[in-house]
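In: Sequence plus predicted model, see below.
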Amino acid sequence: MDHYDSQQTNDYMQPEEDWDRDLLLDPAWEKQQRKTFTAWCNSHLRKAGTQIENIEEDFRDGLKLMLLLEVISGERLAKPERGKMRVHKISNVNKALDFIASKGVKLVSIGAEEIVDGNVKMTLGMIWTIILRFAIQDISVEETSAKEGLLLWCQRKTAPYKNVNIQNFHISWKDGLGFCALIHRHRPELIDYGKLRKDDPLTNLNTAFDVAEKYLDIPKMLDAEDIVGTARPDEKAIMTYVSSFYHAFSGAQKAETAANRICKVLAVNQENEQLMEDYEKLASDLLEWIRRTIPWLENRVPENTMHAMQQKLEDFRDYRRLHKPPKVQEKCQLEINFNTLQTKLRLSNRPAFMPSEGRMVSDINNAWGCLEQAEKGYEEWLLNEIRRLERLDHLAEKFRQKASIHEAWTDGKEAMLRQKDYETATLSEIKALLKKHEAFESDLAAHQDRVEQIAAIAQELNELDYYDSPSVNARCQKICDQWDNLGALTQKRREALERTEKLLETIDQLYLEYAKRAAPFNNWMEGAMEDLQDTFIVHTIEEIQGLTTAHEQFKATLPDADKERLAILGIHNEVSKIVQTYHVNMAGTNPYTTITPQEINGKWDHVRQLVPRRDQALTEEHARQQHNERLRKQFGAQANVIGPWIQTKMEEIGRISIEMHGTLEDQLSHLRQYEKSIVNYKPKIDQLEGDHQLIQEALIFDNKHTNYTMEHIRVGWEQLLTTIARTINEVENQILTRDAKGISQEQMNEFRASFNHFDRDHSGTLGPEEFKACLISLGYDIGNDPQKKTGMMDTDDFRACLISMGYNMGEAEFARIMSIVDPNRLGVVTFQAFIDFMSRETADTDTADQVMASFKILAGDKNYITVDELRRELPPDQAEYCIARMAPYNGPDSVPGALDYMSFSTALYGESDL
């Protein structure tokens with residue numbers, strides 16, 4: 001078989017070609033192929049009424065081989081040779097091989113002589129080639145072909161089944177569940193898949209093979225024992241068997257598809273026929289309803305009573321509201337059904353539906369139009385008849401309503417017009433009565449139309465021979481007579497109201513003039529009394545002088561005010577004369593004001609009494625403000641001396657702290673002398689506190705003679721004391737640092753010079769721009785910008801300072817230094833921290849590395865140390881201190897009880913945590 005594998009030109013068998021060559025001669029595989037290929041050949045040969053028994057013998061003469069090819073291809077081959085000689089057999093086999101080659105299969109190393117000689121390998125290889133070409137090659141699933149397509153088809157069909165995982169055409173089929181799953185997927189009634197067990201392959205395989213042979217016309221090509229008893233079943237035998245299932249089920253699927261198509265066509269026809277029947281019935285019912293309804297709508301016989309006509313109208317409304325809407329819906333549905341039916345017929349290539357005569361959609365629309373025309377005429381007739389019957393009743397009712405409204409309106413009007421209420425009324429009341437009378441006249445004029453309407457309705461009722469015309473005429477005449485009387489009384493009342501109004505207007509003008517002048521004069525007196533009695537709070541001489549000037553100006557206005565008072569009283573006297581002369585009945589006092597002449601005289605007398613009291617109060621306050629001004633000047637003179645003195649001392653201390661004149665001891669001595677002079681200045685501060693107390697007791701809140709407050713002086717004094725004490729302490733610390741670390745005075749001066757170079761405002765800090773200046777001084781190409789000093793170095797400033805002093809470091813080293821000089825992570829470096837770091841770098845001090853080296857000596861050059869070694873080499877208290885704080889050593893060379901002296905050493909210097 002290693003020969004015929006190489007003959008295939010198609011790619012679908014290439015991946016397993018070499019493997020097949022090596023295992024082809026396996027007796028179990030050869031047995032499986034013999035049995036499978038023989039069964040496959042017989043499944044086709046029996047269609048021609050024959051079969052084979054021995055595959056290598058029965059094809060030797062070529063006759064059954066040619067017959068097999070004709071059956072499976074459906075084509076006729078060349079006429080075979082009927083002779084028994086070897087040459088005849090070779091000729092027949094060559095015809096078969098030529099036919100196979102004509103189908104695009106290239107046969108290599110398979111010759112007619114091997115087949116005629118009964119070579120088993122060549123014969124099986126030839127049959128496998130035929131199976132591949134005619135049973136497997138044309139299988140295609142999702143653009144795959146042959147073996148891959150057949151495998152994909154199996155995987156798709158068996159995917160829903162548990163314990164089935166088809167990955168190949170050999171061991172995936174050993175348990176038989178794959179065959180059973182294929183059958184159950186297409187013919188579930190043939191196998192009870194739920195009862196199958198994966199651990200019973202013989203039963204599964206026999207079940208599948210028996211069912212396939214009995215119900216699917218697939219011959220039994222393998223024995224279950226052959227498959228189970230082989231570690232790896234023959235792939236070609238399995239593929240041949242599975243391809244038979246594929247062809248069997250694909251044929252059934254085509255038949256099912258054909259049946260479904262027929263059913264679908266018939267269902268469409270049945271649905272269309274039902275729609276046609278429904279249309280015919282619905283059209284017939286709708287036309288019959290229209291035929292019955294039109295005569296009812298065309299009936300125009302009038303009724304004799306309003307009730308009967310209203311009943312007809314109610315019946316028509318029921319028709320429109322209850323009976324017609326369902327028919328409108330039926331008509332709409334009929335058109336929808338007709339259009340839907342025509343669309344379905346057109347989409348299914350059926351002829352258009354033609355309704356029976358008289359039932360076309362157009363016929364129904366015409367009948368519906370006649371119905372709506374009759375309906376419209378019927379409704380118009382009903383309404384006209386009802387209007388005609390309502391007319392007389394409406395006119396009579398309208399007359400009664402208008403007459404009743406008019407009579408109700410005129411009730412009491414004559415008594416109202418005869419009133420003489422104007423004789424005791426005020427001017428505003430007279431004007432209100434006039435406005436009210438004008439409104440009544442307007443109302444009277446408006447009712448003129450109603451009177452005319454009443455007369456017109458009575459005339460129309462007379463013309464229509466209304467049965468109750470006499471009573472209508474009598475009532476109409478009474479209304480007209482009363483209307484004439486109301487007009488005469490209205491004119492008479494207007495004349496009386498206008499006479500009274502003119503008399504009262506004169507008095508009102510005098511009242512108004514009195515009110516206009518009395519109100520501001522009264523307000524002026526009340527304001528004057530309020531100002532004269534108002535308490536005042538002043539803080540300066542200027543303020544009391546302003547009040548005195550204003551008071552003198554007020555006294556100068558008193559003569560003119562007295563003249564105004566006399567004029568106002570004269571107006572009031574004139575009103576009294578008019579009332580007495582014309583006997584006017586005054587109903588009340590002046591309506592424009594409540595201020596009486598008695599009130600004006602009383603307030604004027606009070607103002608005259610308050611003026612001398614105000615003079616005395618202003619004189620006393622002026623004397624008090626002169627005393628306060630003397631206190632302000634006294635405090636200002638002292639504060640203007642003490643404030644600048646404090647500021648000067650602060651600046652001098654700052655210069656001493658940053659200048660490098662002399663030794664640190666000289667600076668300390670100089671600072672102590674400053675401290676002594678500052679303490680000796682304290683009595684002047686106390687004297688200023690005494691003057692400030694006097695100012696507070698006098699309630700003086702501002703002082704134009706100085707910008708210094710006592711609070712400013714106190715804060716400056718406290719800052720001065722704090723600054724001198726802190727500066728002395730810093731110099732003392734620098735001396736301690738210098739002596740403890742062995743730093744020379746020249747080194748200390750160098751440190752101060754480097755720091756001061758960047759701290760240009762002498763505050764002890766550096767900013768980013770100062771850092772740039774530092775870099776420029778070291779040769780970096782950075783633009784010079786204005787510098788700012790804060791008294792501390794930030795992180796970048798400190799780095800620049802270190803570089804300027806010769807340090808060269810990376811980011812990690814600089815971060816380590818910053819953790820030492822700025823442990824609180826403030827981002828700045830003070831001079832003291834700078835000195836501590838520089839002294840540490842230049843002095844001979846212990847380091848973590850030195851301590852680790854010492855521990856390593858004690859540990860005998862090991863990376864760990866034991867408790868015994870610590871207790872042997874160190875004093876007891878220090879040994880116990882180390883034992884309590886050292887972490888266990890976890891290195892690869894660790895021993896029980898080993899301690900980590902390295903982490904302990906770095907923790908001592910703050911480079912790690914204990």
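Out: Structure's in. What do you need?
In: How about V120, nearest residue that isn't a chain neighbour?
Out: E56 (5.0 Å; CB to CB, 6 or more residues apart in numbering). Yep, even glycine has a C-beta here, placed from its N, CA and C like the rest.
In: what packs against the helix or strand that contains the one you found?
Out: Taking DSSP states H and E as the definition, E56 sits inside helix 55-58. Judged by 3 or more CB pairs under 8 Å, 6 or more residues apart in numbering; DSSP states H and E, helix 55-58 is in contact with helix 27-45, helix 120-131.
In: ok, back up a step: what is the neighbour count of the residue nearest to V120?
Out: Using other CB atoms under 10 Å, E56 has 19 other residues around it.
In: Pull the contacting residues for it.
Out: G118, N119, V120, T123, L124 (CB atoms under 8 Å, 6 or more residues apart in numbering).
In: right, and H406 touches I479 too?
Out: Yes. H406 is within contact range of I479, at 6.0 Å (criterion: CB atoms under 8 Å).
In: Overlap of the contact sets of these two?
Out: The contact lists of H406 and I479 share V451, I454, where a contact means CB under 8 Å, 6+ apart.
In: in the host helix or strand of V93, what's buried?
Out: Using DSSP H and E, V93 sits within helix 86-102. In terms of neighbour count (16 or more other CB atoms under 10 Å), helix 86-102 has its buried residues at H88, K89, I90, S91, N92, V93, N94, K95, A96, L97, F99, I100.
In: Next one: the second one relative to I127, how far apart?
Out: When CB to CB, to the nearest Å is the yardstick, K89 and I127 sit 17 Å from each other.
In: quick one: the strands in this structure?
Out: For the chain, the strands defined by DSSP state E cover 140-141, 144-145, 765-766, 789-791, 793-794, 828-829, 887-888, 899-900.
In: Return the member of the ones you listed having the minimum mean pLDDT.
Out: Mean pLDDT is lowest for strand 789-791 among the strands of the chain, at a mean of 43.
In: can you pull the contacts of the closest residue to N337 other than its chain neighbours?
Out: Spatial nearest neighbour of N337, excluding adjacent residues (CB to CB, 6+ apart): Y279 at 5.4 Å. Taking CB under 8 Å, 6+ apart, we find Y279 in contact with L334, N337, F338, L341, F353, P355, R359.
In: Among these, name the ones in helices.
Out: In this view, the contacts of Y279 that belong to helices under DSSP state H are L334, N337, F338, L341.
In: For the third one, give me its contacts.
Out: If you count contacts by CB under 8 Å, 6+ apart, F338 has them with Y279, F353, P355, V361.
In: Among these, name the buried ones.
Out: Among those, those scoring as buried are Y279, F353, P355 (criterion: 16+ other CB under 10 Å).
In: pLDDT-wise, what's the bottom of the residues you listed?
Out: Within these, pLDDT is lowest for F353, at 82.
In: That one contacts Q342, doesn't it?
Out: Yes. Taking contacts as CB under 8 Å, F353 lies within contact range of Q342: 6.1 Å.
In: Would you mark the buried spots in the helix holding E56?
Out: Applying 16+ other CB under 10 Å to helix 55-58 flags I55, E56, D58 as buried.
In: repeat for stretch 511-522
Out: Result for stretch 511-522 [16+ other CB under 10 Å]: buried residues Y511, E513, Y514, A515, R517, A518, F521, N522.
In: and the second one, how far is that from E505?
Out: If I follow you right, that is E513. In this view, E513 and E505 are 13 Å apart by CB to CB.
In: and if you look at the first one?
Out: The spacing between Y511 and E505, counted by CB to CB, is 10 Å.
In: cool, the last one as well?
Out: Note on N522: its distance to E505, by CB to CB, is 25 Å.
In: what do you get for the fifth one?
Out: Here R517 is placed at a distance of 19 Å from E505 (CB to CB).
In: got it, and A96?
Out: 145 Å.
In: for I430, same thing?
Out: Relative to E505, and taking CB to CB, I430 is found at 9 Å.
In: try R291
Out: R291 is 88 Å from E505, by CB to CB.
In: Kindly report the same for R613.
Out: Separation of R613 from E505 (CB to CB) stands at 46 Å.
In: And for E530, the neighbour number?
Out: Counted with other CB under 10 Å, the neighbours of E530 add up to 10.
In: Tell me who's in contact with E746.
Out: Counting by CB under 8 Å, 6+ apart, E746 touches no other residue.
In: likewise D691?
Out: L631, Q634, F635, Q638.
In: so what's the second one closest to, chain neighbours aside?
Out: The spatial neighbour of Q634 that comes closest, neighbours along the chain excluded (CB to CB, 6+ apart), is D691 at 5.7 Å.
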